[in-house]
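Enquirer: Predicted coordinates and the sequence they were generated for:
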Amino acid sequence: MVGPLIGAIEAGGTKIVCAVASSLEEILEVEPHVVATTDPFATIGEVLDYFAPFAASGDLAAIGIGSFGPVDHPTTTVTRTTPKVAWRGFHWGQAIRPVLDDLPIGFDTDANAAVLAEATFGAGRGDAIVVYVTVGTGIGGGIAIDGQPLHGLLHSELGHMVVPRDPADVFSGSCPHHGDCLEGLASGAAMAARWGQPAETLQSGHRAFDLEATYLTAMCVTITTMLAPSRIVLGGGVAAVPGLLSEVQQRTAASLNGYLALDRYTTGIEDYIVRPLLTGRSGITGAWLLGRNALEASALGEQRP
Ligand code: ZN
């Protein structure tokens, strides 16, 4: 079904992906415009240059933003605890106002955008609780309940959960806030620091991935025991390394040891911990959905942040 034109921004730590589309089919196919994430002024200038013609034509009806975090969701602000120093206090709503004035804005974290997409149209479609975790340079995660991203006082920060350290692992951890939290031990940045080479150059048989499976298993066990979700979707470049997903599936089932007596967590584990269905498109599709939801909310009289 074709509707009004909606803009989408998926803002990551290294790149910002922009797209416009008038339907789900289009956002899944469209060639996005990619801007490098540098300082806010230059980056947003390029982002707005992309959207300007669509805004000028009057065809753009709403904008959805999935941003790297941490963010203050109600005010669309990147918090002052972000390690990206130049972006501390960055206010998305104000920053895009010069070109996208008055448009309804849908806003959430990039991980919550991704879980929204996967829970709506992807690997977790129709599931009651879906958890999306991306394991790339960093580790981010979002939770969707009945198709809606979960918000507490803030958003969840699954990447910073505590996992038991492997006794043989002497790496101190790379998280600037916690040292050896999950992200500090198992992110692509942690792998690069521990092994002295970029994670993407490690061969698939490298013992780095045995250790990686240990930490991602601990994560999956914790998520499972806490939420009993229908699906854990593992995205990101590190999680895509051949053999790693299968290892995490088998070890998670073994670690749970049948205590959660459900096929999903035992013999059905391969349908439980899965790759994204919207491969490489979860974030931008989710951002587009955030925009579409904002447009629907504005029709009901809700105010832009
Ligand atoms: Zn941390």
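Expert: Now that the structure is in, tell me what you want to look at. Numbers count the residues shown, from 1 in each chain.

Enquirer: May I see the domains of the chain written out as residue ranges?
Expert: Listed domain ranges for the chain are 5-110, 123-274 (source: automatic domain parsing).

Enquirer: so which of those domains comes closest to the ion?
Expert: Of all these, it is domain 123-274 that lies closest to the ion, at 3.2 Å by Cβ to the ion. Every residue, glycine included, has its C-beta placed from N, CA and C.

Enquirer: and the closest one, average pLDDT?
Expert: Averaging pLDDT along domain 123-274 gives 95.

Enquirer: Is any residue of it near the ion?
Expert: Yes: against the ion, domain 123-274 shows contacts by Cβ under 5 Å from the ion at His160, Cys175, His177, His178, Cys181, Glu183.

Enquirer: for the stretch 1-150 of the chain, which spans come out with low pLDDT?
Expert: For the stretch 1-150 of the chain, the stretches flagged by pLDDT under 70 are 1.

Enquirer: just to revisit the earlier point, tabulate the domains of the chain (CSV), appending mean neighbour count.
Expert: Below are the domains of the chain laid out as CSV (neighbours: other Cβ atoms under 10 Å):
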stretch, mean neighbour count
domain 5-110, 19
domain 123-274, 18
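
Enquirer: can you redo these as JSON lines with distance to Ala294?
Expert: As requested, the domains of the chain are exported to JSON lines (distance: least, Cβ to Cβ, whole Å):
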{"stretch": "domain 5-110", "distance to Ala294": "3"}
{"stretch": "domain 123-274", "distance to Ala294": "13"}
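
Enquirer: re the thing from before, biggest separation within the residues of domain 123-274 next to the ion, which pair?
Expert: Using Cβ to Cβ, the residues of domain 123-274 next to the ion reach their maximum pairwise distance at His177 and Glu183, which is 9.2 Å.

Enquirer: intersection of neighbour lists for those two?
Expert: Residues touching both His177 and Glu183 (Cβ atoms under 8 Å, 6 or more residues apart in numbering): His160.

Enquirer: What segments of the stretch 51-200 of the chain are strands?
Expert: Assigned by DSSP state E, counting those that start in this stretch, the strands in the stretch 51-200 of the chain fall at 60-67, 71-72, 77-78, 105-109, 129-135, 139-145, 148-149.

Enquirer: So which of those is nearest Gly237?
Expert: By Cβ to Cβ (comparing all of the strands of the stretch 51-200 of the chain), the closest turns out to be strand 129-135, at 7.7 Å.

Enquirer: Report the contact partners of His155.
Expert: Residues near His155 by Cβ under 8 Å, 6+ apart: Gly69, Pro70, Val71, His73, Asp108, Thr109, Ala111, Asn112, Gly142, Pro149.

Enquirer: wait, Pro149 sits on Ala114?
Expert: No: checked against Cβ atoms under 8 Å, the pair Pro149 and Ala114 is beyond contact range at 9.4 Å.
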